[in-house]
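A.B. asks: need a structure here:
(chains A and B)
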Amino acid sequence: MRWITLSICVLLAGASLTWAFDEPKKKPAKESPPAKEPSEEDTDQSEKSVAEQVKAVQTEMAQKQREIVKKFQAAADDAERNKLREEYYGLQSAFAAKYAVIVEKHPDDKAVFPALQGMMSSPEHVAEAVDVLLKHHLDNAQLGLLCLQLGMQDTEGGETLLRAVAEKSKSSDAKGMALLALGQMLFLRSNQEGLDDTQRDKLREEAEEALQTVVDKYADVQAGRGKAGDTASGVLFEVQHLAVGKEVPDLQGEDLEGTEFKLSDYRGKVVFLDFWAHW
Amino acid sequence: MAMFPHERSLVKRTAGKPFALIGVNGDQAGDELNEKNKEAEITWRSFQNARGEGKKAISDEWNVQGWPTLYLIDHKGTIRRKWLGSPGDEVIDKEIDGLLAEAEADAGK
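C.D. replies: This is a model prediction of the structure:
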């Protein structure tokens, strides 16, 4: 699951780490390494402000990420790349454990917000982060972007947070983004395996309701790179036309040689449609 | 990109069966791309994602939120599975085999 959070962070940041989208990790989260610090560093940390402590972890993580990306770009084969990818995702858990230590000491300090955000991308720390966010950070306007990130994967902790923000936050930006993310999450869930039509329809109805509210009331909220209203309209189109169980809309265009063709030319065959690129 | 080896074997494995791997390619179309595809042995057909000035790219029309986005469509044209990011080769193989069995059963009726 973590890969997707990472990818969304990357999308929001507009960085060029798109390889993160390849081959998501399906394995259960690994045990985090114990967040032990040498005692010397402990003394050192107690003298720093909370913001500085968070910043120090962020800097260390960014440094490690850069090192791995550099190695990844120079890697000789897929095996090596896969190893590095795993290492990259492992970082999130390891650093979430470090964030958790700071959050535990200063849960209500505004400066721990980025640490809480880091904890949300590690399955072992989500529940704790949601708890602290609801208790102490519900009106933080930055909560909106975190909500957007959460909408891209279907998690229980994420859903709890989105519903609470949509209902109770005093920040209308955060509310709008929480509703948008909730709509996306419910739509994602409706496409999962093992649901019957009634279950799918129910999830989609609720997704549509949330997304329509965004279009009606929060259209101008800046949600990442776009406006919340535009993003919500895009997802509404997906809910109505590109959902599991729907007849696929036809596609028409040119192939890479410039010859016109249609997706419906392949009706009668099982089609695996892949949005891909060399990047 | 990590999907190419699996896709190459998928195309070989399904030869002669009612199956098509169709891409929507986000690169700049042209000789350079065709050369690259030849090198990577990408033999399957792709739409060009960009459709020229004033027209919506396919990925915009379909609200694609990340690459790869994958759709698995059955022989009747119904969307059966949809993934943002690959779910892994084994899952894809299993799902495709399931749909191929349905298609072949229908054809045999």
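A.B. asks: How about the contacts made by A:Leu150?
C.D. replies: When the contact criterion is CB atoms under 8 Å, 6 or more residues apart in numbering or on different chains, the partners of A:Leu150 are A:Met120, A:Gly158, A:Leu161, A:Leu162, A:Ala181, A:Met185. For the C-beta atoms, the positions are set from N, CA and C on the backbone; glycine is no exception.
A.B. asks: any chance you could map the strands in the chain?
C.D. replies: Because you didn't say which chain, this covers chain A. Under the criterion DSSP state E, chain A carries strands at the ranges A:222-223, A:226-227, A:252-254, A:260-262, A:270-276.
A.B. asks: You answered for a different chain; I wanted chain B.
C.D. replies: For chain B, the strands defined by DSSP E occupy B:19-25, B:46-48, B:69-73, B:79-84.
A.B. asks: Output the ones you listed in a markdown table; the columns should cover distance to chain A.
C.D. replies: Listed next are the strands of chain B as a markdown table, based on distance: least, CB to the nearest CB, whole Å:
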| stretch | distance to chain A |
| --- | --- |
| strand B:19-25 | 5 |
| strand B:46-48 | 4 |
| strand B:69-73 | 4 |
| strand B:79-84 | 5 |
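A.B. asks: right, so the ones you listed: which one is the most enclosed?
C.D. replies: For these, the stretch with the most neighbours on average is strand B:46-48, a mean of 24; neighbours defined as mean count of other CB atoms under 10 Å in any protein chain shown.
A.B. asks: looking just at contacts, which helices and strands does that strand meet?
C.D. replies: The helices and strands touching strand B:46-48, judged by 3 or more CB pairs under 8 Å, 6 or more residues apart in numbering or on different chains; DSSP states H and E, are strand A:252-254, strand B:19-25.
A.B. asks: outside of the first one, which residues touch it?
C.D. replies: In other words, strand A:252-254. Applying CB under 8 Å, 6+ apart, the external contacts of strand A:252-254 come out as A:Glu260, A:Phe261, A:Lys262, A:Leu263, B:Ala29, B:Phe47, B:Gln48, B:Arg51, B:Ile58.
A.B. asks: got a pLDDT number for the closest residue to the fifth one other than its chain neighbours?
C.D. replies: Read that as B:Ala29. Excluding its sequence neighbours, the residue lying closest to B:Ala29 (CB to CB, 6 or more residues apart in numbering or on different chains) is B:Gln48, at 4.8 Å. The model reports B:Gln48 with a pLDDT of 97.
A.B. asks: Next: the one 4 residues further on.
C.D. replies: Reading off the confidence values, B:Gly52 has pLDDT 84.
A.B. asks: thinking again about what came up before, can you redo the helices and strands packed on strand B:46-48 as a markdown table with mean pLDDT?
C.D. replies: Rendered in a markdown table, the data for those read as follows (pLDDT from 0 to 100):
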| stretch | mean pLDDT |
| --- | --- |
| strand A:252-254 | 95 |
| strand B:19-25 | 97 |
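A.B. asks: Compare those and give me the one nearest A:Arg200.
C.D. replies: strand B:19-25 (25.1 Å; CB to CB).
A.B. asks: Show me what that closest one is packed up against.
C.D. replies: Contacts of strand B:19-25 with other secondary structure elements, assessed using 3+ CB pairs under 8 Å, 6+ apart, are made with strand A:270-276, helix B:4-13, strand B:46-48.
A.B. asks: repeat that for 10 Å
C.D. replies: Contact partners of strand B:19-25 among helices and strands, from 3 or more CB pairs under 10 Å, 6 or more residues apart in numbering or on different chains; DSSP states H and E: strand A:270-276, helix B:4-13, helix B:31-39, strand B:46-48, helix B:58-61, strand B:69-73, helix B:89-108.
A.B. asks: if we can go back for a sec, quick one, which of the strands of chain A gets closest to A:Ile68.
C.D. replies: strand A:270-276 (23.7 Å).
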